[in-house]
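**Student:** Pasting the sequence and the predicted model now:
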Amino acid sequence: MTAFDRRAPWIALAVAILVALVTMTPDLIGVFFDDAIYVLLAQAIAEGRGYVYTHIPGEPAGIHYPPLWPLVLAGAWKLGGTFPENAALLKAVNPICLGIAAAGAVVVGRRLLGIPSWAALAAVIVGTTAVPMLLLTNPPLSEPLFLALLFPALLAAERAVATPERRWVVIAALLGALLILERTIGGVVVIATVLVLLGARRWRDALLHAAVVALCIAPWQYFVWKHSAGFPPEIAGSYGPYLAWISDAYREGGAPFLRDVLAKNLRDAWRMNGPMLAPMIGGVARQVAIGSAVLFTAFGLWHLLRRDGSRVTGLALGGYLAVVVAWPFQIDRFLWAVWPLLLLVALVGAGWARERVRPLGRAPLVAVTSLAVLLAVGHLGYNARAHLRGWATKASEDMSRQAEPMVRYINSDPRLAGRVLAAETAPMIALYTGQRVVPVEMLLASDHLRHRTPEESAVWIAAIDRRFRPEVYVLTPGGHHAAALLAARLEAGRTLRELVPPGGPVRVFEVVTPQATPVVPP
């Protein structure tokens, strides 16, 4: 190992942390929904209230989100004091995770994928400083920690397969369990490891690996099982268990639903890659470039599956892609979460393709090389342009700017203090106001394929109103939730009274009941 081989991971770590910190913004936490939920769960843990959604009446258990990332944030919360003064510290955790991920990616690229250190370093820096990756790093989302754990887990899994030492089987299992407790989809690494061990006829090691993982995640699975019964179905889509949500969707939709999800996700992934990999060309040329990127990635996966020392990595990434392409949610976010690994695998595929066409003559070799260079230059050009134009921060800035007036208004109106609210971006509102806030929107699997009708939105708001009995609705002017609320059939005796004149930053509706005394506007 040369001096550069030893330094390359540290260079990647430093560059990733630096870029992530430079592009970090003071925007509100909660613009991506999940980020505010993670922080609210961290707050509940840090304050000794348990793993619960403290902002929802009844404080249901936080069974939607595996606990590792909230636990990490809870530690940062303890160090940083009260919110929102500790928001900067909470946000600073992700750049560190991204740096660790970058270092691990370089090591994986060199050791497992056989890529020279300089090429692995270049690909990893491009991947970790890409605007989509930074969009997931700026808010306290869980993807950077997942990536930071993924590469050590892959290294340990490949070591467990390559050596008869059972301690590596246990180490790989412990890291695989951590990966699952960070994001459930991390289970693909565990499944891949067990399959490779079974393929090598190491039955006892496969059983040992699975048993250690099962033992480690059993408390979390018991917690989910225990609190799933009786969980409010009106909010299960965004707050309840994954399994019931996805199984219900496929049971009701069947094969047509799978077909439509696959078609949409593949189409969205194809469209996403165009501007990112071939921004300087269009038309047929761009389609050829995207197709080449897909082929290089497929070649890379095939090469990993056939090569000793990388089969777990190939199976795990293949399993990950198979899951996300069938999951009724934005596939771009899933792809961005493993973007550095995808670039490394595509690099392997491009090298494999060059070697295969070399005997065919100069023209095929030049064509494959030119396509690879075109994609590399295109992605570099996209990133350079995106950073110069501030795209890494624009999305969160815009969403924060839209949400800030509502937060400011709720904190300034004494009539709303201490009352149960219902609002859009409920986790963010709860985080910055300290009040109990019921959501008015809920994630359905069908939302991935079509927009909900106003009538359907009205039915959901009426159901949420029956369950949680909010006292005040605070909604965006001109938004479809205000129209849905006015069209909703609330229970008899519950009527709406608008507290804020039209034209203000929010629309505020007080729920008046025969037992309640209306608030008199000041």
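**Tutor:** Ah, there it is. Numbers count the residues shown, from 1 in each chain.
**Student:** For residue 383, give me the backbone phi and psi.
**Tutor:** Listed backbone geometry of residue 383 is phi -60, psi -40, with angles given as degrees, to the nearest 10.
**Student:** Tell me if I'm right that it and residue 125 touch.
**Tutor:** No: when contacts are counted by CB atoms under 8 Å, residue 383 is not listed as touching residue 125 (9.8 Å). Where C-beta positions appear, they are placed from N, C-alpha and C, glycine not excepted.
**Student:** where does the stretch 151-300 of the chain have low pLDDT?
**Tutor:** Flagging of the stretch 151-300 of the chain using pLDDT under 70 yields an empty set of residue ranges.
**Student:** those helices in it, which residues are they?
**Tutor:** Counting by DSSP state H, counting those that start in this stretch, the stretch 151-300 of the chain has helices at residues 166-182, 187-199, 203-228, 236-239, 242-277, 283-306.
**Student:** Off-centre distance for the shortest one?
**Tutor:** Yep, that's helix 236-239 we're talking about. Using CA atoms, centre = their mean, to the nearest Å, the distance from the centre of helix 236-239 to the centre of the chain it belongs to is 15 Å.
**Student:** elements contacting it?
**Tutor:** Helices and strands touching helix 236-239, as assessed by 3 or more CB pairs under 8 Å, 6 or more residues apart in numbering; DSSP states H and E, comprise helix 242-277.
**Student:** Next, the angle helix 283-306 makes with the helix it packs on.
**Tutor:** Orientation check (axes from the mean of the first three to the mean of the last three CA atoms, to 10 degrees): helix 242-277 against helix 283-306 gives 130 degrees.
**Student:** So what's the gap between helix 242-277 and the chain middle?
**Tutor:** Remark: helix 242-277 is offset 16 Å from the chain centroid, using CA atoms, centre = their mean.
**Student:** Strands of this structure, residue ranges please.
**Tutor:** Assignment of strands within the chain using DSSP state E yields the ranges 421-423, 437-439, 472-475, 495-498, 507-512.
**Student:** And the lowest mean pLDDT element among the helices and strands of the protein?
**Tutor:** Sorted by mean pLDDT, DSSP states H and E, the helices and strands of the chain end with helix 391-412, the least confident at a mean of 84.
**Student:** how about that helix: buried residues?
**Tutor:** Counting neighbours by 16 or more other CB atoms under 10 Å, one finds that the buried residues in helix 391-412 are 391-393, 395-397, 399-400, 403, 406-407, 409-410.
**Student:** Turn these into JSON lines, including distance to residue 4.
**Tutor:** Shown next, in JSON lines, are these (distance: CB to CB, whole Å):
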{"residue": "391", "distance to residue 4": "32"}
{"residue": "392", "distance to residue 4": "29"}
{"residue": "393", "distance to residue 4": "33"}
{"residue": "395", "distance to residue 4": "36"}
{"residue": "396", "distance to residue 4": "36"}
{"residue": "397", "distance to residue 4": "38"}
{"residue": "399", "distance to residue 4": "41"}
{"residue": "400", "distance to residue 4": "41"}
{"residue": "403", "distance to residue 4": "46"}
{"residue": "406", "distance to residue 4": "52"}
{"residue": "407", "distance to residue 4": "49"}
{"residue": "409", "distance to residue 4": "56"}
{"residue": "410", "distance to residue 4": "55"}
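**Student:** of the residues you listed, closest to residue 11?
**Tutor:** Proximity to residue 11 was ranked across the buried residues of helix 391-412 by CB to CB; first place goes to residue 392, at 20.6 Å.
**Student:** closest one to residue 336 among the strands of the chain?
**Tutor:** Between residue 336 and the strands of the chain, the shortest gap by CB to CB is with strand 437-439, which sits at 24.9 Å.
**Student:** partner strands of the closest one, parallel or antiparallel?
**Tutor:** Neighbouring strands of strand 437-439 in its sheet, by DSSP bridges, are strand 421-423 (parallel).
**Student:** ok so, going back, select, out of the helices of the stretch 151-300 of the chain, the one closest to residue 432.
**Tutor:** Each of these was checked against residue 432 via CB to CB, and the shortest separation belongs to helix 236-239, namely 18.8 Å.
**Student:** What lies in contact with the closest one?
**Tutor:** By CB atoms under 8 Å, 6 or more residues apart in numbering, the list of residues contacting helix 236-239 from outside reads 33, 37, 53, 56, 60, 62-64, 231-232, 244-245, 439, 442-445.
**Student:** Select only the buried ones of the residues you listed in ChimeraX?
**Tutor:** In ChimeraX, this line selects whichever of those come out buried by 16+ other CB under 10 Å:
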select :33,37,53,56,60,62,63,64,231,232,245,439,442,443,444,445
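**Student:** just checking, which of the contacts of helix 236-239 belong to helices?
**Tutor:** Counting by DSSP state H, the part of the contacts of helix 236-239 found in helices is 37, 244, 245.
**Student:** any idea how far the first one lies from residue 65?
**Tutor:** So the one you mean is residue 37. Here residue 37 is placed at a distance of 6 Å from residue 65 (CB to CB, to the nearest Å).
**Student:** cool, and the last one?
**Tutor:** From residue 245 across to residue 65, the span is 13 Å (CB to CB).
**Student:** now do residue 204
**Tutor:** 34 Å.
**Student:** neighbour-wise, which of these two wins?
**Tutor:** It is residue 65, of residue 204 and residue 65, that has more neighbours when counted by other CB atoms under 10 Å, with 19 against 10.
**Student:** Can you check the pLDDT for the nearest residue to residue 297 once chain neighbours are set aside?
**Tutor:** Nearest in space to residue 297, with sequence neighbours left out and distances taken as CB to CB, 6 or more residues apart in numbering, is residue 346 at 4.6 Å. Per-residue confidence for residue 346 comes out at a pLDDT of 94.
**Student:** Hmm, residue 293 and residue 346 touching each other?
**Tutor:** Yes: contact between residue 346 and residue 293 holds when scored by CB under 8 Å: they sit 6.2 Å apart.
**Student:** Give me the common contacts of those two.
**Tutor:** Between them, residue 346 and residue 293 have residue 375 as joint contacts when contacts are counted by CB under 8 Å, 6+ apart.
**Student:** The most centrally placed residue in the chain and residue 258: what is the separation?
**Tutor:** Most central in the chain under CA atoms, centre = their mean is residue 143, positioned 5.2 Å from the mean C-alpha point. Counting by CB to CB, the separation of residue 143 from residue 258 is 25 Å.
**Student:** again, but for residue 218
**Tutor:** Separation of residue 218 from residue 258 (CB to CB) stands at 31 Å.
**Student:** These two: who's more crowded?
**Tutor:** More neighbours surround residue 258 than the other of residue 218 and residue 258, with 14 against 11 (other CB under 10 Å).
**Student:** Who are the contact partners of that one?
**Tutor:** Applying CB under 8 Å, 6+ apart, the residues near residue 258 are 250, 326.
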